[in-house]
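Visitor: sequence plus the predicted model coming up.
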Amino acid sequence: MKIVIIGGTGLIGGKLTHKLRQRGHEVVAASPRTGVNTLTGEGLAEALAGAQVVVDVANSPSFEDGPVMEFFETSGRNLLAAEKAAGMKHHIALSVVGTERLLASGYFRAKMAQEQLIQASPIPYTIVRATQFFEFVSSIAHASTVGKTVRLSSVLMQPIAAEDVATALVEIAVAAPARGMVELAGPEPIRLDEIARRYLSATLDDRRVETDRDAGYFGTEVNDQSLTPGANPLLGTTRFDAWLGSSVEVR
């Protein structure tokens, strides 16, 4: 089966491309680096020719309100139009658990717009909403740092390893369209301030995490339901401590 991965050279896309090729599928790792640009439409028709499945794991290069909305709306329209012309059988998009609960954020408003475009399209689809990735804990800590202090909420999360996201997407890509949403999360709930403490300790980072109940999540107000899945999500198998032990290099 020919499968096109939009964002195929990124964190999730690279892993997904490798796993699908190991399973014997013909995979196009589509990104601006490989001559496929969903914002301009460059290379889309050629990449999609003969494909049955598209998996869109691309992310916006900017998280500012205007550019992120422009990215997801424009790329979404271009991609879905090209898929319709190519007779695509299954469109899969990676989204975020809690999107509808975080619409005070411009990023999540843009993800909601992307989801709505997919739902309005005639192409059979599966929207996969995943929780935050372990790999982004460092970025969360960096964004919340002032001097040597990291101020973070103690909000509950259920983050997941990127490897587990890619593994789940492989199975979804070769299955029938869900024609709805699937949630994907890690195997254990962890509080945001605690996961940052464990990460900084493992990397011998001397910054101190201070719990701030009003810190929110990238400036957006959250509670313990905002970043956690509902009933019966698909669960990854990698626990955070195991990921730390195998993935994090001490600086």
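Guide: Yep, that arrived. Residues are numbered from 1 along each chain as shown.

Visitor: element containing the residue lying closest to Glu100 once chain neighbours are set aside?
Guide: Beyond its immediate neighbours in the sequence, the residue positioned closest to Glu100 (Cβ to Cβ, 6 or more residues apart in numbering) is Met112, lying 6.6 Å away. For every residue, glycine as well, the C-beta is placed using N, CA and C. Met112 is located in helix 106-120, with elements delineated by DSSP states H and E.

Visitor: is it true that the residue nearest to Glu100 touches Arg101?
Guide: No. In this structure Met112 lies outside contact range of Arg101 using Cβ atoms under 8 Å: 10.5 Å.

Visitor: where does the stretch 101-250 of the chain dip in pLDDT?
Guide: Under the criterion pLDDT under 70, the flagged ranges of the stretch 101-250 of the chain are 249-250.

Visitor: if we go to 90?
Guide: 213-214, 216, 218-220, 246-250 (pLDDT under 90).

Visitor: quick one: the helices in it, in order.
Guide: Remark: helices assigned in the stretch 101-250 of the chain by DSSP state H, counting those that start in this stretch are 106-120, 137-143, 162-173, 192-202, 240-247.

Visitor: so which of those is nearest Gly14?
Guide: Relative to Gly14, the nearest member of the helices of the stretch 101-250 of the chain by Cβ to Cβ is helix 162-173, separated by 8.5 Å.

Visitor: circling back: what's the closest of the helices of the stretch 101-250 of the chain to Val54?
Guide: Sorting the helices of the stretch 101-250 of the chain by Cβ to Cβ, the top spot, which is the nearest, belongs to helix 162-173 at 9.2 Å.

Visitor: and that closest one, how far out from the chain's middle?
Guide: Computed by Cα atoms, centre = their mean, to the nearest Å, the separation of helix 162-173 from the middle of its chain amounts to 11 Å.

Visitor: try stretch 211-218
Guide: Stretch 211-218 sits 22 Å away from the centroid of its parent chain (Cα atoms, centre = their mean).

Visitor: that stretch: end-to-end distance?
Guide: Start to finish, the residues bounding stretch 211-218 are 15 Å apart (Cα to Cα, to the nearest Å).

Visitor: contact partners of the longest helix anywhere in the chain?
Guide: Of all segments of type helix in the chain, defined using DSSP state H, the longest is helix 65-86. The list of residues contacting helix 65-86 from outside it, by Cβ atoms under 8 Å, 6 or more residues apart in numbering, reads 6, 38-41, 44-45, 48-49, 51, 54, 56, 58, 60-62, 91, 106-107, 109-111, 113-114, 117-118, 121-123.

Visitor: filter those to the buried ones?
Guide: A residue is treated as buried here by neighbour count (16 or more other Cβ atoms under 10 Å); on that basis the buried members of these are 6, 38, 41, 44, 48, 51, 54, 56, 58, 60, 91, 106-107, 109-111, 114, 117-118, 121, 123.

Visitor: just checking, Thr131 touches Leu227?
Guide: Yes. Contact criterion Cβ under 8 Å: Thr131 and Leu227 qualify, at 6.5 Å.
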